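Q: Based on what follows, work out the 3D shape:
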Amino acid sequence: GASADILYDDNEVIANVEVIDLGHGLIGFDVTYSSDAETTTFVNTRKSGDLRIQKTIENGSASAVFGVTVQLKDEAGAPISGTFPAAVIVSGRSTETTVEVANGVLNATVPANGVLEIHDLPAGAQYTVSENETPGWELTGSEGLSGTIGDDEQAVAKLTNTYDAEGTVKIEATKTLEGNTLAADQFRFTLYETSGEPDYIQGAAIETVSNDAQGYVKFSPLVFGLEDARKTYTYFIREVVPAGAVDGVYEGVTYSDTWYAVDIEVIDNGDGTLGFKQAFYEKNDDDADAAVFVNSYNGNGEIPLTGTKVLDGRSFKDGDTWTFTVAAVTPGAPMPVDDNGAEITSVTIEPTEGTEAAIELGTLKFELADLEGEQFKEFTYTVTESGTVVAVTNDANATRTITVRVTDNNDGTLSVRMIESSDDLTFTNTYSASGTVSFPVKKTLVVPTGCQGPAADSSWTFAIAGKDGAPEPDVKSLSATADQTVEFGPICYTAPGTYE
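A: A predicted model of the protein is given here:
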C-alpha cells in the first residue's frame, strides 16, 4: 500500500526473457533488463527534514551546556521512536553523532553559542522544543519552539539565555573577655569600607553590631552580583571604644586596640551562585585565621587598716613605744601596703603627748584576681599588740581578728568593707604607778611649873581622814602617850596629784 511519507522510486525497468530448449527435456532462460543492472532494484526514500536547535547566550561561560527536551509526533499524532543522525556545531566545527528518540521524547544537550541539528526526521512530524532549567541561566528569548518538519526542509528553533549570579557573604568576628563573664550586647563593633591594598584607608561605616552571649559578632550579609565576580573587596572591623574611656579603659575593661582587614574575593560558581574566599589581616599586617578581639576586665578596691591606741592613767611621753603586727589568716590574702606600695607586716608607734594615738597599718588593696573567679570573697587578718612600758599594763585583748568582704561591682570597682563581726582595733592600756607615804605624829606634853600633869599612863587619840576622796591609811585612828610617836600609814597613791 501507498504511504504519504514515502517517496517512491518512479523508474521503469523492462525485463526480456528468452526461452531456450536445452535438450534432454530441459528448458533454459536468458533474462535481460532495460537497465544496466544485473538485477532490478527499486529504491524508495522516506520524506524527511531536519530540526536545528540554536543556542545563544549573554554573559556567563561559553563552556556552558544546556539541556533541551524535544517532543516528536508523526502526522497522525503517534509518538516517534528511533535513532536519527545528528550533528553538534560549535564555532563552525561540526561533530557527527546520533540521537535516540523514545516514545516521542528526545533529551539532548546544546552547547552555549552552538547548534544541535537532528537529521532525517519524518516529514510532517510535529515538534515542540522546551529548555530544561539550568541554574543561573534565564531564558530571555525564543523563536520557533514548535512547528512541523517539512520535506527536505530545516526547521529552526532559537533559544537565547542570559546568565546572572548573586551571592551573600557574612563577615563575623569573635569577642573574648578575660577576667569576667561576657554578656550579650556588652561590646560594639563597626564594619567599614576601605580602599584596599596597599593603603587600607578606612572609608564609610557600613554597620555597627553587638556581640551575643557566646561572643559571636555577626554583621548583616553583604550582597554581591555577577559584576563583582573576579574582584576582591576589603573591609575593616574595629571595636567601638566608649567615649568615656581613659587610655582605652572603661569601667574596668581594657578595650582591644587592634583592627582587622578582611579581603573578600568574589568567585562565580557558574551556576548562578557566587562563592567567596575570606582572608583576615591584623593591624600589624599579620595573617589571621579570624577576627578575634580580646578585652580584659579588672577591678580594684581598697580599705585603710587603722586602729587607735588609748592610754589611761597618764599622757604619752618620750619612751612610750608599742608595736602592732599584721598577719593574714586567709591563705593568699594581700597584705597592707604603704603609700609607696611596700608591704607592711608591722608598725611601731611612739606617741609623746595626749592619751590617744592613731595606729596607721597601711592600706589593704585588692584586685579582681584575689576573688579567684567568685563574685565576692572574705579575707581574715589578725592585728597583735606588743611592747612593754614601765608601769603600763597592756590591753588584755592583745590580738584582734578582723574580716573584710570584697565584692566585684562589675564596673571596674571592688567594694571593700569590714564585716560587722570584726574586732574593734582600739587598744587601751593602763598606767598604774603607785607610792606610799606615812605620817608620824608625836605627842608632846608640856606641864607648866607648879602644875600637876596628867597621870603617867595617860594617852591621847589621833584620827586621820582624806579630803575629797583622798587615799587613807588602813588604820585611821591611833593613841599615843606623852612623848610617844605614832605613825599613820602607809597611805598608797596610784595617781599623781595634790591630796589633803
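Q: Let me know the next secondary structure element after the helix or strand harbouring L274.
A: Secondary structure from DSSP states H and E places L274 in strand 274-282. The first helix or strand that comes after strand 274-282 along the chain, using DSSP H and E, is strand 287-288.
Q: tell me what that following strand is packed against?
A: Packing partners of strand 287-288 (3 or more Cβ pairs under 8 Å, 6 or more residues apart in numbering; DSSP states H and E): strand 274-282. Glycine gets a C-beta too; all of them are placed from N, C-alpha and C.
Q: Counting by contacts, list what the strand holding L274 packs against.
A: Counting by 3+ Cβ pairs under 8 Å, 6+ apart, strand 274-282 packs on strand 166-169, strand 222-225, strand 259-268, strand 287-288.
Q: What's the first helix or strand after the last one?
A: To tie it back to what came earlier, the one meant is strand 287-288. Counting by DSSP H and E, what follows strand 287-288 is strand 291-297.
Q: residues of that next one that come out buried?
A: 291-293, 295-297 (16 or more other Cβ atoms under 10 Å).
Q: What is the nearest of those to A279?
A: Closest to A279 out of the buried residues of strand 291-297 is A291 (11.2 Å), distances taken as Cβ to Cβ.
Q: shouldn't that closest one be in contact with A173?
A: Yes - in this structure, A291 is within contact of A173 by Cβ atoms under 8 Å, at 3.8 Å.
Q: Give me the common contacts of these two.
A: Each of 217, 237, 260 lies in contact with both A291 and A173 under the rule Cβ atoms under 8 Å, 6 or more residues apart in numbering.
Q: Not counting sequence-adjacent ones, nearest residue to the first one?
A: Same thing as V217. Excluding its sequence neighbours, the residue lying closest to V217 (Cβ to Cβ, 6 or more residues apart in numbering) is A173, at 4.0 Å.
Q: What residues does the one you found make contact with?
A: Counting by Cβ under 8 Å, 6+ apart, A173 has contacts 189, 217, 237, 260, 290-293.
Q: secondary structure element for it?
A: Assessed by DSSP H and E, A173 sits inside strand 172-178.
Q: between that strand and strand 291-297, how big is the angle?
A: Put simply, strand 172-178 runs at 20 degrees to strand 291-297, going by axes from the mean of the first three to the mean of the last three Cα atoms, to 10 degrees.
Q: Tell me the first helix or strand C-terminal of strand 172-178.
A: strand 188-194.
Q: Which positions within that next one qualify as buried?
A: Going by 16+ other Cβ under 10 Å, strand 188-194 has these buried residues: 188-192, 194.
Q: Count the residues that sit near P111.
A: 18 (other Cβ atoms under 10 Å).
Q: ugh, typo on my part, it should be A480
A: 17.
Q: hmm, back to that, nearest to T98 among the helices and strands packed on strand 274-282 would be which one?
A: Once those are compared by Cβ to Cβ, strand 259-268 is nearest, at 34.3 Å.
Q: For G469, the count of nearby residues, please.
A: 7.
Q: What does the pLDDT read for it?
A: On the pLDDT scale, G469 is placed at 83.
Q: Could you do T41 as well?
A: 71.
Q: what about it, how many neighbours?
A: T41 has 10 neighbours, counted by other Cβ under 10 Å.
Q: Point out the other helices and strands that whatever helix or strand T382 lives in packs with.
A: In the assignment (DSSP H and E), T382 maps to strand 376-386. Counting contacts by 3+ Cβ pairs under 8 Å, 6+ apart, strand 376-386 packs against strand 300-312, strand 322-328, strand 356-367, strand 399-408.
Q: try 10 Å this time
A: strand 300-312, strand 322-328, strand 346-349, strand 356-367, strand 399-408, strand 414-418, strand 426-431 (3 or more Cβ pairs under 10 Å, 6 or more residues apart in numbering; DSSP states H and E).
Q: So for that strand, what gets flagged as buried?
A: 377, 379, 381, 383, 385.
Q: roughly how far apart are the last one and T426?
A: In this case it means E385. 11 Å (Cβ to Cβ, to the nearest Å).
Q: same check, this time on the second one
A: As for F379, its distance to T426 is 21 Å (criterion: Cβ to Cβ).
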